[in-house]
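Asker: fold the following for me, if possible:
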Amino acid sequence: MKHNIKIMFFLLASSVVMMGCSDDDKDNPVVPTAETASVKVVHASPDAPGVDLYVDGELAGANLTYPNNTGYLEVEAGTRKVQVNVAGTTTTVIEADLPIQANVNYSVFAVDGVSNLTPLVIMDDLTNPSAGNSHVRFLHLSPDAPAVDITTTDGTVVFGDYTFKEYSAFTPLPSANYDLQVRLAGTETVVLELPGISLQNGRIYTVFAKGFVAGNGSQALGAEIIINK
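Answerer: Reported below is the predicted structural model:
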């Protein structure tokens, strides 16, 4: 099942630990209590600068940069006043009073180009996979890329026909090593190779397409893998 949501607020956490990518085995969720939520913030806007995060007027984290994430952080439930500033400045790009529901896991992705920066907020189902399986979710977060399929090298479609800001549910896949490809939806045209993806037994992963089709360097079309659990 696909979802396509635009939620005009930004959930942020209460103490940001900068984490680079995504295959860090320590990137495990904090188990929320009845009074807290577990929140991960992901900077997925290819040309946006680093940002400073404020919660209830206090600096919660400095200079979160693309394509890094905070890991899961424990956040007090309730309505929080959140500000997002360009790093090192008083320029506020997002400000809102935000409801945070207790005992829920969230991922918050800052997406699109800097001129259209918007949050994509997703509740994370971190139910343990069955024996021999991993859970994998795909998000299309490349602003200028057309609809794509994620396939194996023989053309078997794993995630089919996703457009910008669409994402899948966490999907069970047999734990194994995979060579995957990003193809233009419904075609055999490969736009990105994703070799050597190792899905470990019992793990939960998010894979998101990032960057610009016409981008270079760090802004080039690519993919990022996050271990949710």
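
Asker: lowest-confidence helix or strand of the chain?
Answerer: When each helix and strand of the chain is scored by mean pLDDT, DSSP states H and E, strand 2-4 comes last, with a mean of 46.

Asker: for the helix or strand following that strand, what is the average pLDDT?
Answerer: Next in sequence after strand 2-4, counting helices and strands by DSSP states H and E, comes strand 36-43. Strand 36-43 carries an average pLDDT of 88.

Asker: check whether the residue in the chain sticking out farthest from the centre sits in a helix, strand or coil.
Answerer: Ranked by distance from the centre of the chain (CA atoms, centre = their mean), the top residue is Asp154, with 27.2 Å. Following DSSP: H, G, I helix; E, B strand; the rest coil, we place Asp154 in the coil state.

Asker: gap between Ser175 and His135?
Answerer: Separation of Ser175 from His135 (CB to CB, to the nearest Å) stands at 10 Å. Any C-beta I mention is one placed from the backbone N, CA and C, and that applies to glycine too.

Asker: cool, and Ser142?
Answerer: Distance of Ser142 to His135, computed by CB to CB: 23 Å.

Asker: who's more crowded, these two?
Answerer: Higher neighbour count among Ser142 and His135: Ser142, with 26 against 23, using other CB atoms under 10 Å.

Asker: ok, and the closest non-adjacent residue to that one?
Answerer: Once flanking residues are discounted, Ser142 sits nearest to Ala209: 4.6 Å by CB to CB, 6 or more residues apart in numbering.

Asker: is it true that the one you found touches Leu139?
Answerer: Yes: between Ala209 and Leu139 there is a contact under CB atoms under 8 Å: 7.1 Å.

Asker: now do the domain split for this protein, please.
Answerer: For the chain, automatic domain parsing gives the domain ranges 2-123, 133-227.

Asker: could you give the bridge partners of Thr36?
Answerer: The partner list for Thr36 in beta bridges (DSSP bridges) reads Glu76.
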